[in-house]
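Next one to model:
(one chain, ligands or ions: 2)
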Amino acid sequence: MKGVRNVQRMQSASGPCGDRPQPLSDLRTALVETPGRNVDHAGADGASDVRAGGGRNDEVPETGRGEPPLSPSQRTAYDAVLSGQDVLVTGPGGTGKSFLVERIIDELRGRGRAVAVTASTGVAGLNVGGSTVHSFLGTMLTGDVVQWDRDIRCGESLHPAVRRRLRVTKTIVVDEVSMLTGDYLDMMDAHLRWVCDSSTPWANKQMVFVGDFLQLPPVTTHENKPARLWAFNADAWHGVHTHMLVENHRQTSGPFLDHLGRIRVGVLDGAGVEFLQGRVGADIGDAPLKLYTTNRSVDAENAAGLRSLGGRSKIYRCRDYGSPGRLAQLKRRCLTPAVLTLRVGAKVMLTRNKYDYEEDARYTRFVNGDRGTVVRLPDGSRPESGEAVVVELDSGGTVRAESESWDIKNADGDVLATMVQYPVRLAYALTVHKSQGMSLSSAVIDLGRTFAPGQAYVALSRLRTAEGLSLAGKVGPEQVWADEAAVEFYAKTT
Ligand SMILES: Nc1ncnc2c1ncn2[C@@H]1O[C@H](COP(=O)(O)OP(=O)(O)OP(=O)(O)O)[C@@H](O)[C@H]1O
Ligand SMILES: [Mg+2]
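Ligands and ions are numbered 1, 2, ... in the order given. Predicted coordinates for the structure are as follows:
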């Protein structure tokens, strides 16, 4: 992966179609000079969840269901999707891409349009209530057009039900598109055209891509290096209109948001180093959540956290239904473990959103990513209805986390596997990859072993405020880098 680790090492970038080469440093400067803005939601502390009906924005009407209104750039992207364009909804972390896409899906489905909701990874798919792109296409291939031609087109192995659903789908939403390669997108285009017997791009279906190319990139191996790494490198990408969301709903305006804007494009200047240095070892309260880059550190930290408590552990085994293969897949993807080991006093994270409805308004009881301490555990060793893990939230208040179910569905909505478990997980630590998409009030971040461009940015941009950030060690330009091609993409399209 080509990446630039700091501003001193920036190289020249030459544009497509014979554009005059422009130094990459100029492109970055242009990008950081138009940083994200914060929208001031009603909360006095600037925290901006959908809690208690959220904030107000007079320029854009509310939905009438007590939900927060869209920001102006969200509204523009929303209108573009509803007008039928192929779009990329993009923007920095916290600008409300996931929030907007939920609204778009509701609206399109409300209008009776056949919408397929997919994502590049299983975890992301579960987050948006959809399937992975691979299972939607019915191919399970992760390669390129050549592989597709050999294994699918010539093999004729596609199930008739898959053909039917691909033909009836009118809009395809693809979340976390930054993690799909351009080779994969070209394969997807070829597959859709073939199945639908069409010669037009994407077989005339509307494509809605969502994601930030300056967050985590596609996972590639040495043996399996794509010719086109990024989705925007795909031949099929032509005609996709980029909509950049600019108002930030996670962080308030100020130095933290400005530093994040620069770190996103791989720039860690003197002021940035000083700012991060000031957060090394910062006291953010007892037993804070730690973000690590590797699974191994996370597992060790969670086990040690539990052991440090008095009392005995209780183990809850999930209830599950479905074929062993699908269940194994579901359990790998789910943030909640199939076998959940807890103690009273343990630090946990809620893994689902829970809302209360009152008249026309929707109130949040807790959201995915909220953290707290277990104060009471259910009897029994399996999740039971009416029972709950009782959690005292760090943000105040006590909530009952009753059992929830997670499903793997095919694109027709048929359930292939179900797991029922209490929606919590130990939260002494989490990987940066698993934290993608979350909003956090506080965390200790260990960036000692960053191995991907955008990884430091993903970790740091989870935080709502700088006061909630503590760094495990010194962070320098060698840990902060952005992919060159992704920077260039934004400089040229926005
Ligand atoms: N228009 C809005 N009004 C109020 N709150 C909003 C709005 N849009 C988003 N939010 C809230 O802001 C927070 C960040 O939004 P969201 O997670 O959708 O951002 P994102 O762009 O998907 O970020 P990431 O790239 O990190 O996944 C969430 O708590 C979300 O509920
Ligand atoms: Mg998101």
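
contacts, neighbours, all on C-alpha from now
OK.

Just the mean pLDDT for the helix or strand encompassing W194, thanks.
Using DSSP states H and E, W194 falls within helix 182-195. Mean pLDDT, helix 182-195: 92.

With adjacent residues omitted, what lies nearest to L257?
Closest residue to L257 in three dimensions, ignoring its sequence neighbours and counting by CA to CA, 6 or more residues apart in numbering: Q251, at 6.4 Å.

Wait, the one you found touches T95, no?
No. Applying CA atoms under 8 Å as the test, Q251 and T95 come out as separate, 9.2 Å apart.

So for the two, which sits in the more crowded spot?
Neighbour totals were compared for Q251 and T95, and Q251 leads with 28 against 25 (other CA atoms under 10 Å).

Quick one, grab the pLDDT at the more buried one.
91.

what does D49 give?
We note a pLDDT of 28 for D49 in this prediction.

Tell me which residue of the stretch 301-450 of the chain lies closest to ligand 1.
In the stretch 301-450 of the chain, no residue comes nearer to ligand 1 than G437, which is 3.3 Å away by CA to the nearest ligand atom.

can the next helix or strand after the helix holding W194 be found next to ligand 1?
The helix or strand immediately downstream of helix 182-195 is strand 206-210, counting by DSSP H and E. No. Under the criterion of CA under 6 Å from any ligand atom, strand 206-210 makes no contact with ligand 1; the nearest approach is 8.6 Å.

now stretch 159-178
No. If you take CA under 6 Å from any ligand atom as the test, stretch 159-178 misses ligand 1, and the best it gets is 8.3 Å.

Give me the distance from that stretch to the chain's centre.
Relative to the centre of its chain, stretch 159-178 is centred 20 Å away, using CA atoms, centre = their mean, to the nearest Å.

mind checking the end-to-end distance for it?
28 Å (CA to CA, to the nearest Å).

Contacts for that stretch next, please.
For stretch 159-178, the surrounding residues in contact (CA atoms under 8 Å, 6 or more residues apart in numbering) are 113-121, 124-125, 128, 133, 136-138, 192, 195-196, 205-218, 230-231, 411-412.

Restricted to strands, list the residues you listed.
V115, A116, V117, T118, A119, Q206, M207, V208, F209, V210 (DSSP state E).

The fifth one touches T132, doesn't it?
If I follow you right, that is A119. Yes. Using CA under 8 Å, A119 is in contact with T132, at 4.9 Å.

and the helix holding W194, C-alpha only, in CSV?
Written as CSV, here are the backbone C-alpha positions of helix 182-195 (Å, rounded to 0.1, in the frame of the first residue of the first chain):
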residue,chain,number,x,y,z
GLY,A,182,-11.9,-1.5,-7.4
ASP,A,183,-11.4,-5.0,-8.8
TYR,A,184,-14.3,-6.2,-6.8
LEU,A,185,-16.5,-3.4,-7.9
ASP,A,186,-15.8,-4.2,-11.6
MET,A,187,-16.6,-7.8,-10.9
MET,A,188,-19.9,-6.7,-9.3
ASP,A,189,-20.8,-4.6,-12.3
ALA,A,190,-20.0,-7.5,-14.7
HIS,A,191,-22.0,-9.9,-12.6
LEU,A,192,-25.1,-7.6,-12.4
ARG,A,193,-25.0,-7.0,-16.2
TRP,A,194,-24.7,-10.7,-16.9
VAL,A,195,-27.5,-11.8,-14.5
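
For that helix, buried residues please.
Within helix 182-195, the residues scored as buried using 16 or more other CA atoms under 10 Å are 182-193, 195.

Ok, stretch 73-83 next?
The neighbour-count check on stretch 73-83 (16+ other CA under 10 Å) flags S73, Q74, R75, A77, Y78, A80, V81 as buried.

and the gap between whichever residue of the stretch 101-250 of the chain sits closest to ligand 1 and L70?
Residue nearest to ligand 1 within the stretch 101-250 of the chain: H249 (4.2 Å; CA to the nearest ligand atom). Going from H249 to L70 by CA to CA gives 10 Å.

Give me the more crowded residue out of those two.
Neighbour count, other CA under 10 Å: between H249 and L70, H249 has more, with 25 against 21.

hang on, the earlier thing: the residue of the stretch 301-450 of the chain closest to ligand 1 in helix, strand or coil?
Secondary structure assignment for G437 (DSSP: H, G, I helix; E, B strand; the rest coil): coil.

what sits against it?
G93, S98, R462.

For the stretch 51-200 of the chain, what lies in contact range of ligand 1?
Checking the stretch 51-200 of the chain against ligand 1 by CA under 6 Å from any ligand atom, the hits are 54-55, 68-71, 92-99.

pLDDT added to those, as CSV?
As requested, those are exported to CSV (pLDDT from 0 to 100):
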residue, pLDDT
G54, 27
G55, 29
P68, 85
P69, 92
L70, 96
S71, 96
P92, 96
G93, 95
G94, 95
T95, 96
G96, 94
K97, 94
S98, 88
F99, 90
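
ok so, going back, R333 versus the residue nearest to L257, what's the distance?
Counting by CA to CA, the gap from Q251 to R333 is 28 Å.

Same question for T118.
Relative to R333, and taking CA to CA, T118 is found at 14 Å.

In terms of neighbours, single out the busier of those two.
T118 (28 against 18).

Can you give me the separation between the more buried one and D299?
29 Å.

Quick check: the gap between the residue nearest to V390 when sequence neighbours are not counted and P378.
Distances taken as CA to CA, 6+ apart put R400 closest to V390, at 4.6 Å, once the chain neighbours are dropped. As judged by CA to CA, R400 and P378 stand 10 Å apart.

joint contacts of these two?
A388, V389.

Would you reformat the contacts of G437 as JSON lines and include neighbour count?
Formatted as JSON lines, these follow (neighbours: other CA atoms under 10 Å):
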{"residue": "G93", "neighbour count": "31"}
{"residue": "S98", "neighbour count": "20"}
{"residue": "R462", "neighbour count": "23"}
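
Distance to S323 and secondary structure for those - can I get that in a markdown table?
Below are those laid out as a markdown table (distance: CA to CA, whole Å; DSSP: H, G, I helix; E, B strand; the rest coil):
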| residue | distance to S323 | secondary structure |
| --- | --- | --- |
| G93 | 36 | coil |
| S98 | 30 | helix |
| R462 | 36 | coil |
